[in-house]
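**Student:** missing the sequence, but the structure's below:
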């Protein structure tokens, strides 16, 4: 039975479990355990998304410049980089290109088309400009 499994006979505490597209639920549990064994902060980066240091200046919130990051903020940002490395190391080449092709497509779509809210706002603006033009 173990010979037929895509992830091999045993596991390694030094390498993340390989995901080949089969038995995702089992891989997901093993991956969570693997990541948490390294650092719980890495799992939080996967679960909640990347940490972006922010600063508030006169009620305006913006991303903090890299040169002003504290040591703690740098560590939290590094968790996301480590998480990406672990996840990409755990994927077969087929899964890797499937995941990143989708991510790249979504980024391009939002960048060039915008989100649904942005589309609605653009539509309203164009309608207002059209109405002004008619007058």
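**Tutor:** Nice, thanks for sending it over. These numbers come from a predicted model, not from an experiment. Residues are numbered from 1 along each chain as shown.

**Student:** what residues are up against the most centrally placed residue in the chain?
**Tutor:** Central residue of the chain (CA atoms, centre = their mean): residue 49, 5.9 Å from the mean position. Neighbouring residues of residue 49 by CB atoms under 8 Å, 6 or more residues apart in numbering: residue 80. C-beta here means a position set from N, CA and C on the backbone, and glycine is covered the same way.

**Student:** Now tell me what touches stretch 19-39 from outside.
**Tutor:** So stretch 19-39 is contacted by 5-7, 11, 13, 16-17, 42-43, 46, 79, 82-83, 86-87, 90-92, 94-95 (CB under 8 Å, 6+ apart).

**Student:** related to what we said a few turns ago, phi and psi next, for the residue nearest to the centre of the chain.
**Tutor:** Per-residue torsions, residue 49: phi 100, psi 170 (degrees, to the nearest 10).

**Student:** Relative to residue 83, how far out is it?
**Tutor:** 10 Å (CB to CB, to the nearest Å).

**Student:** Equivalent analysis for residue 130, please.
**Tutor:** Between residue 130 and residue 83 the computed distance is 47 Å (CB to CB).

**Student:** How is this structure divided into domains?
**Tutor:** As recorded under automatic domain parsing, the domains making up the chain are 22-90, 92-135.

**Student:** just how off-centre is the shortest one within its chain?
**Tutor:** Centroid separation for domain 92-135 versus its chain: 19 Å, with CA atoms, centre = their mean, to the nearest Å.

**Student:** And for the first one?
**Tutor:** Taking the mean of its C-alpha atoms, domain 22-90 sits 9 Å from the chain's own mean (CA atoms, centre = their mean).

**Student:** so what's the residue nearest to the centre of the chain scoring on pLDDT?
**Tutor:** For residue 49, the pLDDT comes out at 85.

**Student:** Can you mark which positions in the lowest-mean-pLDDT helix or strand in the chain are buried?
**Tutor:** One helix or strand of the chain scores below all others by mean pLDDT, DSSP states H and E: helix 116-134, with a mean of 75. If you call a residue buried by 16 or more other CB atoms under 10 Å, then helix 116-134 has no buried ones at all.

**Student:** Neighbours of residue 35, how many?
**Tutor:** By the criterion of other CB atoms under 10 Å, residue 35 has 24 neighbours.
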